[in-house]
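**Q** here is a sequence with its predicted model. Questions after.
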Amino acid sequence: MTRLAAFACSTLLLTAQGSSAQQSSSRPPLNVSDATIGELRAGQVGSIILPQGPPPFAAVVVLHGCNGVSQNTRAWARRLASWGYAALILDSFSPRGIDNVCSRGMQFPGAERAKDAFAAAAYLRTRKDIDPDRIGLLGYSHGGWTALAAARERAAAESGTKPFAAIVAYYPNCPPGEPALASDVLILAAGADDWAPPQRCTDLMARYANASTHKPLLKIYPGASHSFDAQRPERVYLGHKLAYDETAARDSFTLAKQFLDDHLKR
């Protein structure tokens with residue numbers, strides 16, 4: 001059996017209007033702490049699920065998609081715990097009064113949200129049951145975009161904390177540019193994704209073709225759609241097809257586990 005404990009933070013002010021730069025300056029990272037422990041509920045930062053076995057554990061921060069913490073987020077936490085990792089679900093939306101950003105992703109850009117991921121990692125390093133040198137990050141969709149932003153060398157330096165030991169990004173919006181990376185990255189993309197086109201990730205890989213360190217890895221699943229890892233009926237949301245693909249999901253789980261194990265269980 002895994003053990004579930006939730007931790008809370010102070011509520012932060014949300015600027016509803018203004019430019020992206022103004023929004024960024026009004027949203028400091030979440031204050032993640034042991035202030036309260038209890039069941040996950042609205043307004044809290046998230047929850048941590050511990051695996052079986054003796055601590056200290058390697059840990060993975062889990063970043064939800066554009067619609068907030070969902071059944072798939074919790075499924076990922078349970079999956080990671082079954083792989084032997086402490087899984088920290090981080091809710092970047094509820095404490096800020098955000099419902100979802102699915103039709104307005106730039107309301108909360110990945111680069112801004114990445115500060116939450118580093119705050120979560122800093123919190124994990126204060127816990128005696130977590131190995132401070134073995135902390136990874138996994139995100140999907142908007143969370144995958146955020147995970148890629150957290151891989152940047154500059155983002156890690158600005159956070160004042162260590163880079164993540166490994167980062168897994170599911171069907172992210174791969175950004176332009178070629179910033180220096182501080183973490184090893186695995187990208188798992190959907191070949192038929194009409195929301196986060198995989199070509200952007202292919203282009204990203206080409207820009208790092210000659211990288212000597214932290215060269216990203218990419219796997220594209222032909223025919224798979226956005227949210228291929230989430231066991232839900234096929235549907236159209238905001239004009240985009242979302243569909244579970246069992247074959248792609250299972251293969252991606254194998255690759256994600258191997259990647260995390262190679263970096264966090266050495």
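**A** Everything's here; your move.

**Q** going forward, measure contacts between C-alpha atoms and count neighbours the same way
**A** Fine.

**Q** send me the helix or strand harbouring Arg250 as PDB with only the CA atoms.
**A** Secondary structure from DSSP states H and E places Arg250 in helix 246-264. C-alpha atoms of helix 246-264 as PDB (Å, rounded to 0.1, in the frame of the first residue of the first chain):
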ATOM      1  CA  GLU A 246      -3.300   1.400 -25.600                       C
ATOM      2  CA  THR A 247      -0.300   0.400 -27.800                       C
ATOM      3  CA  ALA A 248       1.300   3.800 -27.700                       C
ATOM      4  CA  ALA A 249       0.500   4.200 -24.000                       C
ATOM      5  CA  ARG A 250       2.100   0.900 -22.900                       C
ATOM      6  CA  ASP A 251       5.200   1.500 -25.000                       C
ATOM      7  CA  SER A 252       5.600   5.000 -23.600                       C
ATOM      8  CA  PHE A 253       5.300   3.700 -20.000                       C
ATOM      9  CA  THR A 254       8.100   1.300 -20.700                       C
ATOM     10  CA  LEU A 255      10.300   4.000 -22.100                       C
ATOM     11  CA  ALA A 256       9.400   6.500 -19.400                       C
ATOM     12  CA  LYS A 257      10.200   4.000 -16.700                       C
ATOM     13  CA  GLN A 258      13.500   3.000 -18.200                       C
ATOM     14  CA  PHE A 259      14.500   6.600 -18.700                       C
ATOM     15  CA  LEU A 260      13.700   7.500 -15.100                       C
ATOM     16  CA  ASP A 261      15.300   4.300 -13.800                       C
ATOM     17  CA  ASP A 262      18.500   5.100 -15.700                       C
ATOM     18  CA  HIS A 263      18.700   8.500 -14.200                       C
ATOM     19  CA  LEU A 264      17.200   8.200 -10.800                       C
END
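
**Q** hmm, who's touching that helix?
**A** 58, 83, 134-136, 165-166, 168, 186, 188, 221, 224, 228-229 (Cα atoms under 8 Å, 6 or more residues apart in numbering).

**Q** stretch 147-157 too?
**A** 63, 110-111, 114-115, 117-118, 137-139, 162-164, 167-169, 172, 174, 179-185.

**Q** repeat that with 6 Å
**A** Contact with stretch 147-157 is made by Ala111, Ala114, Gly139, Pro163, Ala180, Leu181, Ala182, Ser183, as judged by Cα atoms under 6 Å, 6 or more residues apart in numbering.
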